[in-house]
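Engineer: No letters, just coordinates:
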């Protein structure tokens with residue numbers, strides 16, 4: 001089968017690789033249809049690692065995808081051949097202490113698509129996943145929307161973890177796909193006062209056009225002062241989706257005493273820091289968000305019901321063969337890209 005393979009830092013090739021096959025009775029062979037390019041995929045492309053997860057070449061990245069079922073193991077009951085499915089990239093063991101506590105996202109034996117040491121990704125024609133990772137769409141959403149449900153599920157999970165109320169004042173720092181997913185997930189919970197930031201003007205415009213009551217560029221204005229002029233008491237919740245030291249600092253300044261900081265963005269640095277004086281005096285709560293935990297079906301349902309329409313995020317569409325150029329574009333934030341979608 002065809003696959004896009006990382007061969008070195010910032011180098012990708014289209015190669016023929018062996019097609020996977022069903023090995024377990026609960027396996028599902030999937031024909032990949034749509035793939036979203038994620039920032040973490042680009043991290044591996046540019047730096048060869050995320051924290052302790054280091055790429056060994058050659059390696060296939062990619063984890064946001066929708067597919068058609070090609071074949072199923074003899075014990076599969078969840079889907080059948082020909083079904084269109086959203087793929088949850090995580091496969092948990094369901095037996096460890098974390099899983100028994102309802103924390104499948106921090107499973108001690110977690111396997112995640114396109115993660116070094118855990119398995120190759122979906123930038124290819126076929127993959128095999130356990131049936132629990134395959135969510136049938138029943139034709140209620142498009143395949144492209146299906147691929148968007150992976151980042152959208154992170155937004156849904158982040159908003160759920162924050163226990164947001166409808167009268168909350170929130171800020172989302174970073175208006176890429178994850179930040180925008182947090183925004184639309186909060187809107188689905190009827191949150192009205194949503195403030196957004198980004199260093200890219202076109203993403204600021206995207207946030208404004210899809211419901212943020214204010215959006216600004218921190219390179220052109222002091223966003224802390226601008227937001228606090230409108231909300232002098234501060235933010236109840238800040239969703240940090242950029243993974244940058246400066247946005248973490250801005251979040252602490254924006255939060256009111258007793259506020260919550262949701263840490264969603266993935267920093268490229270090994271360490272980040274906070275002003276412990278401000279954190280302590282404000283008695284702020286910090287909550288790390290690890291991917292999505294049992295929120296894939298919720299994301300599908302929100303799209304199918306019309307409460308969320310994520311289509312605006314897709315700004316670019318390309319065939320599999322053009323993936324190397326797409327990664328260069330996404331890494332350089334060129335051509336107004338928010339979400340690039342690859343068709344196989």
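Structural biologist: Now that the structure is in, tell me what you want to look at. Remember, it's a predicted structure, so these values are computed and weren't measured experimentally.
Engineer: Show me the helices in the stretch 201-344 of the chain, by range?
Structural biologist: Along the stretch 201-344 of the chain, counting by DSSP state H, counting those that start in this stretch, helices occupy 201-209, 223-230, 245-254, 276-282, 296-305, 323-331.
Engineer: just checking, what packs against the lowest-mean-pLDDT helix or strand in the chain?
Structural biologist: Least confident helix or strand of the chain, by mean pLDDT, DSSP states H and E, is strand 49-50 with a mean of 88. With contacts defined as 3 or more Cβ pairs under 8 Å, 6 or more residues apart in numbering; DSSP states H and E, the packing partners of strand 49-50 are helix 39-47. C-beta here means a position set from N, CA and C on the backbone, and glycine is covered the same way.
Engineer: Can you list the buried residues in the helix it packs on?
Structural biologist: By neighbour count on 16 or more other Cβ atoms under 10 Å, the buried set for helix 39-47 is 39, 40, 41, 42, 43, 44, 45.
Engineer: what do you get for stretch 308-315?
Structural biologist: 308, 310, 313, 314.
Engineer: what number of residues lie near the residue nearest to the third one when sequence neighbours are not counted?
Structural biologist: Right, residue 313. Closest residue to residue 313 apart from its sequence neighbours, by Cβ to Cβ, 6 or more residues apart in numbering: residue 339 at 4.3 Å. By other Cβ atoms under 10 Å, 25 other residues sit near residue 339.
Engineer: dump the residue contacts of residue 339.
Structural biologist: Counting by Cβ atoms under 8 Å, 6 or more residues apart in numbering, residue 339 makes contact with 36, 37, 148, 151, 177, 313, 314, 315, 316.
Engineer: Which of those fall in strands?
Structural biologist: 36, 314, 315, 316 (DSSP state E).
Engineer: State the distance from the first one to residue 118.
Structural biologist: Residue 36 sits 19 Å away from residue 118 when distances are taken as Cβ to Cβ, to the nearest Å.
Engineer: what does residue 80 give?
Structural biologist: Applying Cβ to Cβ, the value for residue 80 to residue 118 is 27 Å.
Engineer: who touches residue 207 in this structure?
Structural biologist: By Cβ under 8 Å, 6+ apart, the neighbours of residue 207 are 172, 175, 179, 180, 183, 196, 198, 215.
Engineer: And these, which is closest to residue 267?
Structural biologist: Within the contacts of residue 207, proximity to residue 267 (Cβ to Cβ) peaks at residue 179, which comes in at 14.9 Å.
Engineer: Which secondary structure state does that closest one sit in?
Structural biologist: helix (DSSP: H, G, I helix; E, B strand; the rest coil).
Engineer: What values do phi and psi take at residue 104?
Structural biologist: Main-chain torsions, residue 104, degrees, to the nearest 10: phi -60, psi -20.
Engineer: quick one: it and residue 9, what's the gap?
Structural biologist: Using Cβ to Cβ, one gets 32 Å for the distance from residue 104 to residue 9.
Engineer: Looking at these two, which has the bigger crowd around it?
Structural biologist: In this view residue 104 and residue 9 are compared by other Cβ under 10 Å, and residue 104 has more residues nearby, 22 against 13.
Engineer: just so I have it, where are all the helices in the stretch 1-150 of the chain?
Structural biologist: In the stretch 1-150 of the chain, the segments counted as helices under DSSP H, counting those that start in this stretch are 39-47, 97-100, 143-162.
Engineer: Format the ones you listed as a markdown table; extra columns: distance to residue 31 and mean pLDDT.
Structural biologist: Converted to a markdown table, the helices of the stretch 1-150 of the chain look like this (distance: least, Cβ to Cβ, whole Å; pLDDT from 0 to 100):
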| stretch | distance to residue 31 | mean pLDDT |
| --- | --- | --- |
| helix 39-47 | 20 | 93 |
| helix 97-100 | 29 | 96 |
| helix 143-162 | 11 | 98 |
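Engineer: Ok, which of these comes nearest residue 225?
Structural biologist: Residue 225 sits nearest to helix 143-162 of all these, at 24.2 Å, using Cβ to Cβ.
Engineer: first to last residue in stretch 287-297, what's the distance?
Structural biologist: This stretch, stretch 287-297, spans 23 Å end to end (Cα to Cα, to the nearest Å).
Engineer: Name the residues of that stretch that are buried.
Structural biologist: For stretch 287-297, the neighbour count (16+ other Cβ under 10 Å) marks 289, 291, 292, 293, 294, 295, 296 as buried.
Engineer: per-residue confidence at the residue nearest to the fourth one when sequence neighbours are not counted?
Structural biologist: The one in question is residue 293. For residue 293, ignoring the flanking residues on the chain, the nearest one in space by Cβ to Cβ, 6+ apart is residue 105 at 3.9 Å. For residue 105, the model assigns a pLDDT of 92.
Engineer: How many residues are close by residue 105?
Structural biologist: By the measure other Cβ under 10 Å, the count of residues near residue 105 is 19.
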